[in-house]
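Trainee: Prediction below, plus the sequence it came from.
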Amino acid sequence: MKFTSGYWRTAEGFEVLYGRRPHSAVAGDRSLTLHVPTRPVETRRATLNNPVITVTYTSPLRGVIGVRVVHHAGAVDRGPRFEVASTDDHPVHVVTEPGRARLTSGPLSVDVDMDAEWHATFTAGGRTLTTSGLKSLGVATAADGRRYVHERLGLAVGELVYGLGERSAPLVRNGQAVDLWNDDGGPSSYHAYKNVPFYMTDHGYGVFVDSPGPVSFEVGSEFTSRVQFSVPGEELRYYLIAGDTPKQVLERYTALTGRPPVPPAWSFGLWLSTSFVTSYDEQTVTGFVDEMAARDLPLSVFHFDSFWMREFQWCDFTWDERWFPDPEGMLRRLKQRGLRISVWINPYVAQQSPLFVEGRRNGYFLRTRDGSVWQTDTWQAGMAVVDFTNPDARRWFTGKLERLVDMGVDAFKTDFGERIPVDVMYHDGSDPLLMHNYYSLLYNRTVFEMLQRRGAEGDAIVFARAATAGGQRYPVHWGGDPEPTFASMSESLRAGLSLGLSGFGFWSHDIGGFEGVPDPGLFMRWAVFGLLSSHSRLHGSVSYRVPWEFGPEAVDVVRSFLALKLRLMPYLLAAAAEAASAGTPMMRAMVLEYPDDPACSHLDRQYMLGPDLLVAPVFSDDGDVTYYLPAGRWTHLLSGEVLDGARWVTEHHGYGSLPLFMRPGSVIPLGAREDSAEYDYRRDVTLVVSAPHEGMHETVTVVGGPGDAPSRFEVERAGDRLTVTAAADVPWSILLAGAQAPVVCEGSTQFSAAAIGVVVTPEPGRREVAIRLQA
């Protein structure tokens, strides 16, 4: 939202009051409060009719400063509010002295000049991060009386901005105007399913605007050297988060708003869906499962989309007996084949559903001002919206889901949650404007926590579309409904990378696109991308996504990359653990791993999968792809080809290949099985070593099964000697990627050639191997 018309003039229809010279500063025990008049105070008379903006600085966590900007403080806080972590276990220093006021938390300080027009400077390590200067603090009043509070933070020369949720626009936000309002507008539009009021820059900080309602950002789009953010009302809260690296900024942001648990191992395998409006019954499902097995395409999860329930009745949580006459038996038979089961739900109840009367009678739905049930004919005829602020409604809703869990359902695709009205009343009195985006968090939390209560430890997962800040605590999320085009495929990747830079660790997308029917070439390119994503799902709208629908080559491509993903499970689970412990996403924009390489700043057609695998999907049917390799010697995981980096590369790839490179000096653990996502990853693990450099020292941890101690390996190079030390009681081996025989080893070992290098297998029980590297 713009409040100006150019630099000097106020936008038509607005009056804006700006904070001027601070009048007073009050030091609290762990806070600093400033009273900032909006007109100069040169005489006592000037204190009359002079609106004051109150600014309070606090610190909930080390390296994080909270800012509260208030005009009128008397409004009722109806909520909701984001859950923000806060501790008192870190020192906060507050100083007020003539001409200056300062609050410091760890490396981060804010300094306010008390003798000049409003100017607050955020610094870390002696370096200025950003400033709030003249015409930054503002209270705007529209012609209709609506009030807004805004802040404008400065951008340094060349400073780039990232984040704000899952957005398909270019990854760098500079020049974009972004309004955060969850909407089912499709992933190829300016709308977004997942709006997150957090951005980070490449200048050592991030900003989290603590408002679940509509937040408007002008990222260098109103004033080219500032980021403006505004909210309706009389108060604005935000947190400035310092970090030496983008990863540290994310670590502190997710410490503030929450991190996900590691999803269950089975969820990283392949999901297959019935698709949306296709025709299916138990015979269809069984046929799909049989054909996948016959083609050696191991499935982890089978998903039943919307029409597992009867039409016009979503949701009634009852199987449509016309197509599924024996759901308990069907699910039992599928689970006997090792499959997990997912079913589609949404938070709406159609008028024709038997549950509508029950929900209306007990007050479980959102209501209009006169107490009636709010209803619409959009999506489902006469549908109502479940009120998750009502504890009884939550118990009622999850009670229906628990019946399905008892039947054998393992996961729920928590679809929708964006079309939430604002002309309604909530059970707990929440502000409907603030609830619009926040609703998605309550919806997904309700389902996720029920699965946590009912399932085995670590076994809960949803497949969610809508989200906002904090939603990362309830994985996993997928990118909505893309078109079957290469353009939409690339938009999906941009959106996923942006979501990762907004604090979300796990993300998926519909292979081949959701709408329409992809051509075989697009399906194969997208399948490779999908199987090198955190979670992988075959799902469409009007057509099935079983690979044989796209020809025998498509089956081969899916089989090859599915086998690769299953072998990568020990590596993927280590990356997942990093997301859970530090907030680092599994799929990482290049700038996250290479913040000091300017060539990586804008890259949004390639990514790092975990810390050590560079993936460049092919976004064309002809197979031509251009990608960038940072400095170092990179080894292709599939071919063993070694390329020097710090340059752009243009190549041609067939459908069964893509640029997939191991980071220089990395060690990738490959599991031994290609038929399941769940196995003992320690047994017969292969450590793939890529371009070991002098001084390299990598620690690799490979998890086992429940109750099994993990295996740990130390890999280090000194001179021409590469030493691998194992704390493992199971067989293991080393693959020197890009190497050629002969290889000289100390001690008893076996050698064998591999497609990408030389395999060194220690004798049973051997805990250390030393390899002489040849020039």
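Mentor: Yep, that arrived.

Trainee: Kindly provide the distance from the residue nearest to the spatial centre of the chain to residue 83.
Mentor: In the chain, the C-alpha nearest the mean C-alpha coordinate belongs to residue 504, at 2.3 Å (Cα atoms, centre = their mean). Taken as Cβ to Cβ, to the nearest Å, the spacing of residue 504 relative to residue 83 amounts to 16 Å. (Glycine included, C-beta is placed from N, CA and C.)

Trainee: Can you report how many residues lie near residue 77?
Mentor: When neighbours are counted by other Cβ atoms under 10 Å, residue 77 registers 9.

Trainee: coming back round to it: look at the residue nearest to the centre of the chain and tell me its secondary structure.
Mentor: Secondary structure, DSSP: H, G, I helix; E, B strand; the rest coil: residue 504 is coil.

Trainee: if I pick it, what's in contact with it?
Mentor: Counting by Cβ atoms under 8 Å, 6 or more residues apart in numbering, residue 504 touches 166, 194, 196, 260, 467, 471-472, 475, 477, 585.

Trainee: And those, which of them are buried?
Mentor: Neighbour-count burial (16 or more other Cβ atoms under 10 Å) is assigned, among those, to 166, 194, 196, 260, 467, 471-472, 475, 477, 585.

Trainee: Quick check: residue 355 touching residue 315?
Mentor: Yes: judged on Cβ atoms under 8 Å, residue 355 makes contact with residue 315 at a distance of 7.3 Å.

Trainee: okay, and the common contacts of the two?
Mentor: With the criterion set as Cβ under 8 Å, 6+ apart, the overlap between the contacts of residue 355 and residue 315 is 349, 400.

Trainee: and residue 151, what are its bridge partners?
Mentor: In this structure, residue 151 bridges to residue 229 when assessed by DSSP bridges.

Trainee: Run a quick neighbour tally on it.
Mentor: With neighbours defined by other Cβ under 10 Å, the count for residue 151 comes to 23.

Trainee: Against residue 109, how distant is it?
Mentor: In this structure, residue 151 lies at 18 Å from residue 109, with Cβ to Cβ as the measure.

Trainee: Could you pull out the buried residues of the longest helix along the chain?
Mentor: Ranked by number of residues, the top helix in the chain under DSSP state H is helix 432-454. Of the residues in helix 432-454, those with enough neighbours to count as buried (16+ other Cβ under 10 Å) are 432-448, 450-452.

Trainee: now swap in stretch 596-616 and tell me
Mentor: By neighbour count with 16+ other Cβ under 10 Å, stretch 596-616 contains the buried residues 597, 599-601, 603-616.

Trainee: pLDDT (mean, whole number) over it?
Mentor: Mean pLDDT, stretch 596-616: 98.

Trainee: same thing with stretch 657-664?
Mentor: For stretch 657-664, the mean pLDDT works out to 98.

Trainee: From the opening residue of it to its closing one, how far?
Mentor: One end of stretch 657-664 to the other measures 20 Å (Cα to Cα, to the nearest Å).

Trainee: what does it rub up against?
Mentor: Contacts with stretch 657-664, where a contact means Cβ under 8 Å, 6+ apart, come from 528-529, 532, 606, 608, 611-618, 625, 627, 629, 632-639, 643, 645, 649, 651, 653, 668, 688, 690-691, 693, 737.
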